[in-house]
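**Q** Return a 3D structure for these sequence lines:
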Amino acid sequence: MKALVVGGSSGIGLSIVLQLLQDSSVETVFVMDKSAFPKEYAHEKVSFIECDLAKGDYLVLEQADDVQMLYITAGFGHLMWFQDLSDTYINDSFSVNAVAPIQIISHYYSRIMSVDDFYCAVMVSIAARLSSPLFSVYSAAKAALSKFIEAVNVELDVQGSRNRILEVSPGSLKGTSFTGGVSRPEYTADLAKRIIERSRNREELFIPQYDDVYKGVLARYANDAHRFGVESYEYKKKQGRLPK
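**A** Next comes the predicted model:
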């Protein structure tokens, strides 16, 4: 099999790449990212494709047409007041966090709909399902992506396809560079394994730590969304995470 990992040069994407490289059934792992693949993880199975999703150059996907596994992990967000966001930031946020994944899935959709096995997972965010002040545009873009995946999985079902798109919606992940941290693949290795396993099982939604953490969090949000949002803001303030 061949796999494509979009955003595979760092974070959870890099962890997924490293897990796939250990799978003897995977012969090639295409890594699509705007940043070069780390030299310390160089491998003969890795084929790097440079692409900046904010620029919307999807023609590069033709270099990885013959894949049976697709993992989309690219995304970005910054804690900022909405009034401080530029038009460029807003456009780039929707381009990278929502439009790009949808366009990439569109490119491979005939394969997803076919009778052949096609495994697909997309990193979304728990922020897509909650009120997240200071992440307003990021959470809005991820919410759009979440609803897209939910709707398309129904379309696949009613049209007779066995394949599904797995939405992965975690909270903050230690060992990633998402909020200014450093990529540490060893911290996210177990999560990467579970994402690959669940995509192969054709699951539709995976919220890490659901039973331990997010079941209760989502219940509090459903009970009073505004109050939950205020508490979320106060929590960020207490942690010293408010923008300067």
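**Q** now the helices for the chain?
**A** In the chain, the segments counted as helices under DSSP state H are 11-21, 87-94, 100-107, 109-113, 136-158, 185-200, 215-223, 225-238.
**Q** what mean pLDDT would you report for the fourth one?
**A** Throughout helix 109-113, pLDDT has a mean value of 96.
**Q** got it, and the fifth one?
**A** Helix 136-158 shows a mean pLDDT of 97.
**Q** Would you mind pulling up the elements that that helix packs against?
**A** helix 87-94, helix 100-107, strand 165-168 (3 or more CB pairs under 8 Å, 6 or more residues apart in numbering; DSSP states H and E). Heads up, the C-betas are built off the backbone N, CA and C, glycines and all.
**Q** Mind listing residues that contact it?
**A** Applying CB atoms under 8 Å, 6 or more residues apart in numbering, the contact partners of helix 136-158 are 75-78, 82, 85, 89-90, 93-94, 97-98, 101-102, 105, 112-113, 122, 124-125, 127-132, 163-165, 167, 169, 204.
**Q** Let's see the ChimeraX selection covering just the buried ones among the residues you listed.
**A** ChimeraX command restricting these to the buried ones, with burial defined by 16 or more other CB atoms under 10 Å:
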select :75,76,77,78,89,93,94,97,98,101,105,112,113,122,124,125,127,128,129,130,131,132,163,164,165,167,169
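**Q** Tell me where this protein is predicted with low confidence.
**A** Scanning the chain for pLDDT under 70 picks out 175-182.
**Q** For the helices and strands packed on helix 136-158, give me a markdown table that also has distance to residue 22.
**A** Formatted as a markdown table, those follow (distance: least, CB to CB, whole Å):
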| stretch | distance to residue 22 |
| --- | --- |
| helix 87-94 | 34 |
| helix 100-107 | 24 |
| strand 165-168 | 20 |
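**Q** With residue 18 as the reference, name the closest of these.
**A** With distances scored as CB to CB, the stretch of those nearest to residue 18 is strand 165-168 (16.8 Å).
**Q** Just list what the closest one packs against, helices and strands only.
**A** Partner elements for strand 165-168 (3+ CB pairs under 8 Å, 6+ apart): strand 119-123, helix 136-158, helix 185-200, strand 205-206.
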